[in-house]
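S.K.: Structure of the sequence below:
(one chain, ligands or ions: 2)
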Amino acid sequence: MNIALLGYGRMGKSIEAIALNRNHKITLKIANATDDYDFSNVDVAIDFSIPNAAVTNIKKALDAGVPVISGTTGWLENYDDIINYCNTKNGTFLYASNFSLGVNIFFEINKKLSQLMAGFPDYSTEIEEIHHTQKLDAPSGTAITLAEQIIEQTNYKNWTLEQPKADEIHIEAKRIPEVPGTHEITYNSEIDSISIRHTAHSRQGFALGAVIAAEWIKDKKGVFSMKDVLKING
Ligand SMILES: NC(=O)C1=CN([C@@H]2O[C@H](COP(=O)(O)OP(=O)(O)OC[C@H]3O[C@@H](n4cnc5c(N)ncnc54)[C@H](OP(=O)(O)O)[C@@H]3O)[C@@H](O)[C@H]2O)C=CC1
Ligand SMILES: O=C(O)C1=N[C@H](C(=O)O)C[C@H](O)C1
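M.R.: Ligands and ions are numbered 1, 2, ... in the order given. All right, here's what the predicted structure looks like:
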């Protein structure tokens, strides 16, 4: 399979290593907006760039009729626009705030736990995410997905990085050198606390998940999620 890497930073390089190891070729690398987007020899595009570049990168791939997966976070205010654009072009698109198998299992645990906790209003919910100091966005895309899952199951209406109101989930975003990504959800009452945590030990899981998603999506049409790729029921 011929892959375009839209973004060639930490994730782009990790994806390249795994893709080559799985006998794929990297036939296009875009490192900034002025590069030549020549998709003529590309089967799938993988976007791990920066929040300001993701929308343009995704649209350029869709314009070229190339299936595109995006792991870039911090651009989701434009998600609906991208879905409409993809459908108009009869294209193929998949976004995931987190491509690792472990976090996608963790998402299911989060959903189940929040369903259970919805019946126990003495507990309040908070989310902590920890990432490396180069990360441009806060909170992480993964923390937003976790918060949205909880909001769907409970009386919480929103999330906030600030001091939370009663109907808001507080997300604490910590930046510590070299941390690949840690997410913890805690339910606190006066009596006790219940926590679930996912800790990434490296970027390997994100990169492998992205390559597996690219292999899966290559010949498909439509809009997909990692639940489709990993065949998660829930
Ligand atoms: N969904 C998931 O599983 C994961 C998502 N991510 C997300 O992926 C994104 C990338 O992360 P990471 O690799 O660590 O970040 P990096 O900063 O290491 O890489 C991003 C790269 O994109 C480059 N870039 C700038 N402008 C453009 C452009 N117009 N087109 C293409 N590339 C451009 C940057 O170049 P320059 O430095 O010169 O600006 C940089 O090299 C982030 O949004 C992060 O949150 C990260 C890990 C997992
Ligand atoms: O920027 C990162 O590094 C990561 N970003 C993603 C996010 O924002 O959730 C996924 C992972 O946690 C690493």
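
S.K.: And stretch 216-233, what's buried?
M.R.: Neighbour counts over stretch 216-233 (16 or more other C-beta atoms under 10 Å) mark 216-217, 224, 226, 229-230 as buried. Using the backbone N, CA and C atoms, a C-beta is placed for each residue, glycine as well.

S.K.: wait, which of the residues you listed is closest to Lys25?
M.R.: In terms of C-beta to C-beta, no member of those lies closer to Lys25 than Ile217, at 17.0 Å.

S.K.: Now for the buried residues of stretch 216-233: which two are most distant?
M.R.: Ile217 and Leu230 (12.5 Å).

S.K.: about what we covered before: specify which member of the buried residues of stretch 216-233 is nearest to Lys174.
M.R.: Nearest member of these to Lys174, counting by C-beta to C-beta, is Met226, at 25.0 Å.

S.K.: Could you list which residues are in contact with the closest one?
M.R.: By C-beta atoms under 8 Å, 6 or more residues apart in numbering, the contact set of Met226 is 94, 96, 98-99, 104, 209, 213, 232.

S.K.: 7 Å instead?
M.R.: 96, 99, 104, 209, 213 (C-beta atoms under 7 Å, 6 or more residues apart in numbering).

S.K.: re earlier: what sits in contact with each of Ile217 and Leu230?
M.R.: Counting by C-beta under 7 Å, 6+ apart, no residue touches both Ile217 and Leu230.

S.K.: Could you check which helix or strand contains the most far-flung residue of the chain relative to its centre?
M.R.: Most distant residue from the mean C-alpha position of the chain: Ile191, 34.3 Å away (C-alpha atoms, centre = their mean). For Ile191, there is no helix or strand it lies in under DSSP states H and E.

S.K.: Just the pLDDT at it, thanks.
M.R.: On the pLDDT scale, Ile191 is placed at 98.

S.K.: Give me the spatial nearest neighbour of the residue most central in space within the chain, chain neighbours excluded.
M.R.: Nearest to the geometric centre of the chain sits Ser97, at 1.1 Å (C-alpha atoms, centre = their mean). Leaving aside its sequence neighbours, Ser97 sits nearest to Gly141 (C-beta to C-beta, 6 or more residues apart in numbering; 3.3 Å).
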